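Participant: Quick check, what structure comes out for this input:
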Amino acid sequence: MKEKILKAGLCIFIIIATFSCSDLDDNEEVGTVDLVNLIEKESELFDLISRVADEDSDKEITCIKFIYTFTMLEFNSDAEVVAQHVVASDVQFSTILDGIADGNSIGISFPIQSELESGEEFLIQNKDELKQAIDDCVLVQQTQIAGNCRQLLQECVWVVSHDDEDEDTYENAVFDVADDGTFKFYNNGELFEGTWIVYFIEYELHINIAFDEPSETADDWSSDWKTVIQPDNIMTLTNNDIVFTFTQECEEENYCTELVFIECENIDGSEISEFAFEEYIPCILEIKDLDELTNADTIAFYISEDDANNQTNPLPLNSYQNTSSVEIIYVRIDYAMSTEFILIPIEIQSISC
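Facilitator: Purely as a prediction, here's the structure:
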């Protein structure tokens, strides 16, 4: 049944007639509206119907659509008709539902009839079946969204930014999520590992993040996060008043993870590569959270810490050929406005590609 509902989009035709209070027969039925099937404003079904009509909500139910125009009756707590509403669009329906007084109900005439894509007739006989139909549709929709979210999260990497411009603890940190739900999290050149799970709480998409090892970073991230997938592959994670924005990035040159720089061998098996240190400068500054260099500042690369301290034998910035498959290179940065220099070790690797 769930698959049939989804395949058809479950376009619902609602037929509601207009009647006066004199049409009541022992307070059991108004026209074709059975009072047993009145839908109270405070009910879960009323909320579900509101979500079907609300196009602007991130909780919108998209696999069910109402067919307009129709007229809807509103009842008070004594099951008396107090208003009739002509509904011509989702926007109008949502506005009307928002305006239903507390304690009041709406009346729908059953059965609701639809036709599946196969041509098979589909009937909903009462409000319980209507709620079940919407619940089934929501379940299928949630499963699709969660599946799409998992796939989206596992494609490329996600770069973190803060909504608070004064906060930069995790600015440009990177989540790299594997197909099995494990992740590698890179922040300031440090690697953390863990797992995350995508699921729904009621009708909200959530991601639960758990780091493998305890740390201050793990304390900041290991939690349940309300998740919203936005256009252009942007995602927001919210926990209380903390909000992070994630941007998907698929080009390796546009993000930085560790101070490890890898190049392919010039000749297979030689373990020798060409390293252009000048290309690594943006990542070094970003990972170490340093200011951009001005013309008055200097940066140089050295084969040893002593050379870096003494500023002797600097290596060429545009082309260096390694002498072993893995080397530690020392980067010295001198800011003109400071009397102290910064020394940063980086690793270079020559690999077979």
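
Participant: So what's the residue count around Thr95?
Facilitator: Look at Thr95: counted by other CB atoms under 10 Å, it has 14 neighbours. Yep, even glycine has a C-beta here, placed from its N, CA and C like the rest.

Participant: let me redo that: Ile333
Facilitator: 20.

Participant: okay but it is in contact with Phe341, surely?
Facilitator: Yes - using CB atoms under 8 Å, Ile333 is in contact with Phe341, at 6.5 Å.

Participant: pLDDT below threshold where in the stretch 1-150 of the chain?
Facilitator: By pLDDT under 70, the low-scoring segments of the stretch 1-150 of the chain are 1-33, 55-67, 112-122, 142, 145-150.

Participant: please redo it, this time with the cut-off set to 90
Facilitator: Filtered on pLDDT under 90, the stretch 1-150 of the chain yields the residue ranges 1-37, 39, 44-73, 79-81, 84-98, 106-150.

Participant: buried ones in stretch 261-272?
Facilitator: Residues 261, 263, 265, 271 are the ones in stretch 261-272 that count as buried (16 or more other CB atoms under 10 Å).

Participant: between the residues you listed, which is nearest Ile229?
Facilitator: Proximity of the buried residues of stretch 261-272 to Ile229 (CB to CB) peaks at Phe261, which lies at 32.9 Å.

Participant: isn't that closest one right up against Ser350?
Facilitator: No - taking CB under 8 Å as the definition, Phe261 is not a contact partner of Ser350, at 10.3 Å.

Participant: residues touching Glu193, list them.
Facilitator: Counting by CB atoms under 8 Å, 6 or more residues apart in numbering, Glu193 makes contact with 182-185, 211-213.

Participant: which SS class is it?
Facilitator: strand (DSSP: H, G, I helix; E, B strand; the rest coil).

Participant: Gly181 and Tyr199 touch, don't they?
Facilitator: No - between Gly181 and Tyr199 there is no contact under CB under 8 Å: 11.2 Å.

Participant: returning to what we had before: and the contacts of Glu193, which are buried?
Facilitator: Using 16+ other CB under 10 Å, the buried members of those are 183-185, 211.

Participant: Relative to Gln230, which of these is nearest.
Facilitator: Closest to Gln230, out of all of the buried ones among the contacts of Glu193 and judged by CB to CB, is Phe183, at 20.4 Å.

Participant: State the helix or strand in which that closest one lies.
Facilitator: Using DSSP states H and E, Phe183 falls within strand 182-187.

Participant: Show me what that strand is packed up against.
Facilitator: strand 174-177, strand 190-201, helix 216-221 (3 or more CB pairs under 8 Å, 6 or more residues apart in numbering; DSSP states H and E).

Participant: Each with direction, which strands does it pair with?
Facilitator: Here strand 182-187 is paired, per DSSP bridges, with strand 174-177 (antiparallel), strand 190-201 (antiparallel).

Participant: next one: that strand to chain centre, how far?
Facilitator: Its chain's C-alpha centre and that of strand 182-187 lie 17 Å apart, by CA atoms, centre = their mean, to the nearest Å.

Participant: Just the C-alphas of that strand, formatted as CSV.
Facilitator: What follows is strand 182-187, C-alpha atoms only, in CSV (Å, rounded to 0.1, in the frame of the first residue of the first chain):
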residue,chain,number,x,y,z
THR,A,182,32.2,6.4,9.7
PHE,A,183,33.9,9.7,9.3
LYS,A,184,37.2,11.5,9.4
PHE,A,185,37.1,15.0,10.8
TYR,A,186,40.0,17.3,10.1
ASN,A,187,40.4,20.5,12.1
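
Participant: who's in contact with that strand?
Facilitator: Taking CB under 8 Å, 6+ apart as the rule, strand 182-187 contacts 170, 173-178, 191-196, 211, 217, 221, 256-258.

Participant: returning to what we had before: just give me the lowest mean pLDDT stretch among the helices and strands packed on strand 182-187.
Facilitator: Taking each of the helices and strands packed on strand 182-187 in turn, the one with the lowest mean pLDDT is strand 190-201, at a mean of 88.
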